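# Kindly generate the corresponding structure for this input.
(one chain, ligands or ions: 2)
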Amino acid sequence: MTQDFEQAARALADAGRQLYQLGMVPATSGNFSARLDAERIAITVSGRHKGHLSADDIMLVDGLGQSLDGRRASAETALHIQIYQRFGDAGAVLHPHSVHATLLSRLLDGPLELSDYELLKAFPGFTTHESHLTVPVFNNDQDIDRLAAEVDAWMDSAGPIHGYLIRGHGFYTWGGSVADAMRHVEAFEFLFKCELMLQGVSVQ
Ligand SMILES: CSC[C@@H](O)[C@@H](O)C(=O)COP(=O)(O)O
Ligand SMILES: [Zn+2]
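Ligands and ions are numbered 1, 2, ... in the order given. Just a heads-up that it's a prediction; the model follows:
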């Protein structure tokens, strides 16, 4: 998997614009990354507005999340690195702060269990609505290294996983490319909204 920085930066900026228009990355929230090769990951600079990204708002870190240009990478870089280290086929990671994910994560007191949805087929390996996808919910934690370790430990014993919620915060999902990860964002958003409505929450 090799792609050049400009290409990755453009794809991440486009994703940010779309997610902002959908209200999923308000007020500088969210972060995005794309793996260029084994040693380099393009990731959003910390604190930038994700709806108005340019190439200057994307930087490079190494495979351990260390800045390669002296700038401060996303405060949540360790969560991206955990995904790239675990899934060799992950080429992009997206982290939206959507209203649906934030609300649903506060209502759940255990993992979200999804089944009997045709839209499960948006995820790799899912070929029928008669499938089951578990989406764990982790408590929010300002200690991102500790949170990344908790996510990693959960994945040690998990079945198929394509994303997770962080309580009162948002969600993470990934894919082989930015386009794949965007498809997963859209699918999760749809499923989160359905689950909220099933719980009687009125959402737009
Ligand atoms: C605007 S608060 C959101 C942040 O605390 C964080 O959760 C976030 O998603 C963005 O942080 P960043 O360091 O810009 O990647
Ligand atoms: Zn966040």
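# Quickly list what the residue minimising distance to the centre of the chain is bridged to.
Taking CA atoms, centre = their mean, the centroid of the chain lies closest to Tyr172, which sits 2.5 Å from it. Counting by DSSP bridges, Tyr172 is bridged to Tyr164.
# For burial, what's the neighbour tally of Ile83?
Here the count is done by other CB atoms under 10 Å, and Ile83 has 23 residues near it. C-beta here means a position set from N, CA and C on the backbone, and glycine is covered the same way.
# per-residue confidence at Phe126?
Phe126 is assigned a pLDDT of 97 by the prediction.
# Could I get the pLDDT score of the nearest residue to it once chain neighbours are set aside?
Nearest residue to Phe126 in three dimensions, chain neighbours excluded: Leu120, at 4.6 Å (CB to CB, 6 or more residues apart in numbering). At Leu120, the model reports a pLDDT of 98.
# Which parts of this structure are strands?
With strands called from DSSP state E, the chain shows them at 31-37, 40-44, 58-61, 92-95, 112-115, 132-135, 137-138, 163-166, 170-175.
# What residues sit buried inside the second one?
Within strand 40-44, the residues scored as buried using 16 or more other CB atoms under 10 Å are Arg40, Ile41, Ala42, Ile43, Thr44.
# just those now: which is nearest Phe192?
Within these, the smallest distance to Phe192 is 22.6 Å, found for Thr44 (CB to CB).
# Give me whichever of the strands of the chain is most buried.
Highest mean neighbour count among the strands of the chain (mean count of other CB atoms under 10 Å): strand 92-95, with a mean of 29.
# what lines up beside that one in the sheet?
Going by DSSP bridges, the partners of strand 92-95 are strand 31-37 (antiparallel), strand 170-175 (antiparallel).
# residues in contact with the shortest one?
In this structure, residues lying in contact with strand 170-175 by CB atoms under 8 Å, 6 or more residues apart in numbering are 29-30, 79, 83, 87, 90-98, 101-102, 105, 124, 135, 162-166, 181-185, 188, 192.
# Kindly list the longest helix within this protein.
Longest helix in the chain, counting residues (DSSP state H): helix 178-198.
# I figured the residue nearest to Phe126 was touching Val135, is that so?
No - the criterion here is CB atoms under 8 Å, and Leu120 misses it with Val135 at 11.2 Å.
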